[in-house]
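Undergrad: quick one: sequence plus predicted model below, questions after.
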Amino acid sequence: MRQVFRRPPGLPDRFSRSTLLVGARGSGKTLFLRHQKLAHRGTSAYFNLTAEFASITKQTGLGAVAYDIPPQLSSAIPGKATSLLALSLYAKFIFRKGLTSTEQLRGALASCLPRSISFRESDLMDLKEIERIRTTLSIASIETFEGIAFDSPLTRLLGEFGKSCQDRESPLLVLFDKSDQAVPDATVPVLDTLNQPPSYTAVLAIRPGYTSRAMTEACALAPPGDHFDLLHLGATPSGDEWRNFQLEAAQAHFRDQSVVPHLLRAEDSPLLDTLFFISRDCIRFALKHLARDLATPAAIQNCLKEERGFLESATMSALPKYFMRSEDFRALLTSLHKQTSLHPSLRPVHMQVTKAKAGGLFDENESVDRFLEAGLRSGAFSMIEGTPWSPGVQLRQVEVSPLLAWHHKNFVPFNKDDSNPLVAERDETQLKKSFAGAKLAESIFIAYRMEFETSKAFRTRLTDTLTHNLGFKNFHLTDGNTNLGNKDWPTSVRETIKHARMVIGDITGERIEVMFEMGFARGLHAPSISVVERREMRSTLPEWLSREQVGCFGAENDMVHLLQSITQVLRNPSLGRPRAALTPEPQSVVWLRMKDWTLQCRSQFERELTSRGRTLLPFDTDDLDTNALDEAARSSLLVAVLDGTAADVFVHYVCGAIVAKPRAGQGDLRLTRQVLLLTQDGKAKSDIIAKSLRHCSSTVQVVSPEQLVVKAKPLLNRYDAWINSPPTKE
């Protein structure tokens with residue numbers, strides 16, 4: 001490492017103060033931190049936060065770009081992160097670094113752990129016992145950790161370790177890496193350690209882009225650059241210093257002269273300058289393509305084309321549901337290509353976005369903020385050269401990645417003497433207008449009561465209204481009947497809902513087929529509008545169904561108001577989305593409704609769960625509320641009773657939400673969710689279970705009370721194996 005490492009411009013040889021280190025993907029954060037660990041004169045330790053917090057990702061189902069963190073997890077996630085990291089700090093410093101376990105250290109550690117996790121003081125002297133405690137922490141319910149991080153116990157623990165190191169005249173340096181790949185709120189207690197007592201130095205590496213509201217609030221209380229240092233890797237990528245660093249780093253990487261890439265043999269090569277320009281602050285990109293020994297403009301052109309596709313895909317995964325769909329993003333790139341094609345050489349492209357003034361009850365700028373933050377995170381955008389970034393910074397202008405701003409067919413070599421930035425101005429209105437061009441016809445899904453004439457008439461009236469309105473010329477209505485000719489029509493219906501821009505549901509009379517489809521839309525967090533036939537019917541709806549705004553369609557002026565609502569939701573989808581997304585929680589087991597004939601199997605089921613260290617969250621009444629809906633729809637194992645009564649509607653809605661997201665977790669850390677529907681005879685009767693629900697066999701099973709535990713055991717075994725599996729390597 002010492003042979004290939006070269007210090008990036010603007011970064012110190014050694015840290016004298018705690019620091020937030022900001023760097024884009026591939027800019028060399030990890031190599032820099034590992035070199036600091038080796039070069040530090042004292043006690044140092046490196047922690048990969050993605051691995052440290054893997055169990056949080058598994059349990060909550062939240063990933064690195066979790067925008068909608070459930071309120072009930074807002075203090076539990078930092079609490080669990082505090083406990084997990086505290087135990088790792090203790091294990092590393094006591095058993096690997098040779099520090100002495102004092103009473104003060106053990107007390108500081110205990111303040112980082114939940115009181116329900118019992119251990120003896122002697123356990124802290126045995127590494128195997130430490131690992132046992134860590135396993136207990138990993139599988140413990142996330143709610144167990146609520147409130148632990150409130151008074152920053154992790155900072156106090158690090159302070160105690162720092163004092164121990166000072167007593168040994170061995171200053172402590174702690175390096176936290178890969179925080180941007182963990183659940184955002186888990187990083188909050190780590191950020192708190194930067195605002196530290198002077199007994200240690202901590203460095204937290206982070207990628208620019210979206211973090212979380214909690215991170216933003218933490219930085220508002222302790223501003224970076226004031227309470228701790230703020231440093232950027234590759235802050236001036238067009239400067240001579242960075243160009244020389246790229247060259248030196250590449251020469252060190254390919255120090256074996258027999259494999260020196262063609263472009264490095266001529267240090268002033270225009271093609272080398274072109275590759276460095278495209279790489280910008282991503283040194284990994286330059287090394288990757290130097291290794292391919294690109295030697296001609298055609299080779300560089302093919303490189304642009306290939307890497308552009310990869311970057312587009314990465315960006316699409318972060319962008320679609322917050323501001324634009326994939327075709328919208330490509331339309332933006334096409335408009336940029338028209339501008340860049342007019343210039344004789346490659347140059348930076350700055351996109352200036354003017355946000356519309358917020359008005360009314362909703363902040364319409366939020367979607368633009370998320371769009372820019374997601375692009376910054378994925379590498380589609382970068383901060384303008386010399387502009388600092390920290391969590392919560394308001395973006396007004398970004399630099400578009402050269403891979404995206406320049407079409408590979410318009411490739412021209414980079415000329416540093418002719419590289420003044422090109423500014424492409426866009427405001428929110430212009431962005432939306434630019435997407436209104438040649439689009440394919442889009443759909444609005446309507447869930448209606450197909451056996452009722454009034455509901456069928458509503459569907460017909462709505463079709464006629466949209467057809468004769470020029471603003472809806474690119475839209476058409478779809479419904480469950482659209483796919484009846486398909487052999488696998490239930491799957492086709494669900495796919496139709498997934499691809500619809502919004503969902504409208506006639507919930508009059510709370511029919512189970514309609515409720516399953518509306519629950520499916522709820523699980524997708526899709527924009528939707530519920531309607532009933534007459535206004536007075538709204539007062540008869542259960543609380544969990546009426547918490548969102550419900551419209552009407554019976555009177556003529558009702559259709560006018562409905563059309564206005566549809567227009568508003570299509571323009572700003574956040575207006576039609578539920579207040580919070582139903583993020584699946586892998587550890588959650590929920591029981592809905594209790595009957596006399598389920599008493600025995602319920603008792604057996606609870607005993608089975610208890611033997612595995614799991615807990616059951618029961619909602620036994622038929623009068624179910626919003627809290628029961630939220631908990632049940634987030635569960636990864638749901639047991640629900642169906643008996644042909646009115647409360648079956650609630651179960652169908654929840655099942656729809658679970659079927660919409662059949663797996664909990666992120667990436668490779670995913671667990672298949674399951675629903676066990678209890679009927680008295682274990683049969684899926686058509687008068688009790690909706691036809692569309694009966695065709696969800698991969699997620700839903702209908703069982704009798706006698707079959708419940710037998711059917712549940714394989715599902716519980718799967719969870720046990722999954723939660724104890726090692727975190728996926730990068």
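TA: Yep, that arrived. All values derive from a computational prediction rather than experimental measurement. Residues are numbered from 1 along each chain as shown.
Undergrad: pLDDT below threshold where in the stretch 451-600 of the chain?
TA: Residue ranges of the stretch 451-600 of the chain with pLDDT under 70: 470-471, 473, 482-487, 556.
Undergrad: mind listing the helices for it?
TA: 453-467, 489-499, 512-523, 543-546, 556-571, 599-611 (DSSP state H, counting those that start in this stretch).
Undergrad: go through these and pick out the most buried.
TA: helix 512-523 (a mean of 26; mean count of other CB atoms under 10 Å). Glycine gets a C-beta too; all of them are placed from N, C-alpha and C.
Undergrad: ok, now how distant is the nearest residue to residue 39 once chain neighbours are set aside from residue 105?
TA: Spatial nearest neighbour of residue 39, chain neighbours left out: residue 14 (7.0 Å); criterion: CB to CB, 6 or more residues apart in numbering. Residue 14 sits 26 Å away from residue 105, going by CB to CB, to the nearest Å.
Undergrad: now swap in residue 153 and tell me
TA: Here residue 153 is placed at a distance of 12 Å from residue 105 (CB to CB).
Undergrad: that older thread, who has more neighbours, residue 14 and residue 105?
TA: Here residue 14 and residue 105 are compared on neighbour count by other CB atoms under 10 Å; more neighbours surround residue 105, at 21 against 12.
Undergrad: quick check: that one touching residue 158?
TA: No: look at residue 105 against residue 158 with CB atoms under 8 Å: they stay out of range, at 10.7 Å.
Undergrad: so residue 244, which of the three states?
TA: helix (DSSP: H, G, I helix; E, B strand; the rest coil).
Undergrad: need the contact list for residue 199.
TA: Contacts for residue 199 (CB atoms under 8 Å, 6 or more residues apart in numbering) come out as 159, 162, 163, 165, 166, 172.
Undergrad: closest to residue 504 out of those residues?
TA: Nearest to residue 504 among the contacts of residue 199: residue 159, at 56.9 Å, using CB to CB.
Undergrad: okay, residue 413: pLDDT?
TA: Here the pLDDT value assigned to residue 413 is 71.
Undergrad: for the closest residue in space to it that isn't next to it in sequence, what are its contacts?
TA: Closest residue to residue 413 apart from its sequence neighbours, by CB to CB, 6+ apart: residue 270 at 4.6 Å. If you count contacts by CB under 8 Å, 6+ apart, residue 270 has them with 413, 414, 415.
Undergrad: weed out the non-buried ones from these.
TA: The neighbour-count test (16 or more other CB atoms under 10 Å) marks residue 414 as buried among the contacts of residue 270.
Undergrad: list just the nearest of the contacts of residue 270 to residue 701.
TA: Once CB to CB is applied, the member of the contacts of residue 270 that ends up nearest residue 701 is residue 414, at 60.3 Å.
Undergrad: name the element the residue nearest to residue 701 when sequence neighbours are not counted belongs to?
TA: Closest residue to residue 701 apart from its sequence neighbours, by CB to CB, 6+ apart: residue 676 at 5.5 Å. Assigned by DSSP states H and E, residue 676 falls within strand 674-678.
Undergrad: of the contacts of residue 270, closest to residue 598?
TA: Using CB to CB, residue 414 is the member of the contacts of residue 270 that lies nearest residue 598, at 71.0 Å.
Undergrad: isn't the closest one right up against residue 273?
TA: Yes: assessed by CB under 8 Å, residue 414 is found in contact with residue 273 at 5.0 Å.
Undergrad: residue 675 pairs with what?
TA: Residues in a beta bridge with residue 675, per DSSP bridges, are residue 638, residue 700.
Undergrad: residues in contact with it?
TA: Residue 675 touches 638, 639, 640, 655, 658, 659, 699, 700, 701, counting by CB under 8 Å, 6+ apart.
Undergrad: was I right about the fifth one contacting residue 629?
TA: Yep, that's residue 658 we're talking about. No: look at residue 658 against residue 629 with CB under 8 Å: they stay out of range, at 11.5 Å.
Undergrad: among those two, which residue is more densely surrounded?
TA: Set side by side, residue 658 and residue 629 show more neighbours around residue 658, with 28 against 24, by other CB under 10 Å.
Undergrad: state the pLDDT value of the more buried one.
TA: On pLDDT, residue 658 comes in at 95.
Undergrad: swap in residue 288?
TA: Looking at residue 288, the pLDDT reads 85.
Undergrad: can you say which helix or strand has it in it?
TA: Assessed by DSSP H and E, residue 288 sits inside helix 283-291.
Undergrad: for residue 640, same thing?
TA: Using DSSP H and E, residue 640 maps to strand 637-641.
Undergrad: quick one: contacts of that strand?
TA: 588-595, 598, 605, 632, 651, 654-655, 658, 673-679, 708, 712, 715-716, 719.
Undergrad: can you pull out the helices in the stretch 101-250 of the chain?
TA: Under DSSP H, counting those that start in this stretch, the stretch 101-250 of the chain gives helices at 103-110, 127-139, 153-167, 188-192, 213-221, 240-253.
Undergrad: and those helices: which comes nearest residue 509?
TA: Among the helices of the stretch 101-250 of the chain, helix 213-221 comes nearest to residue 509, with 39.7 Å by CB to CB.
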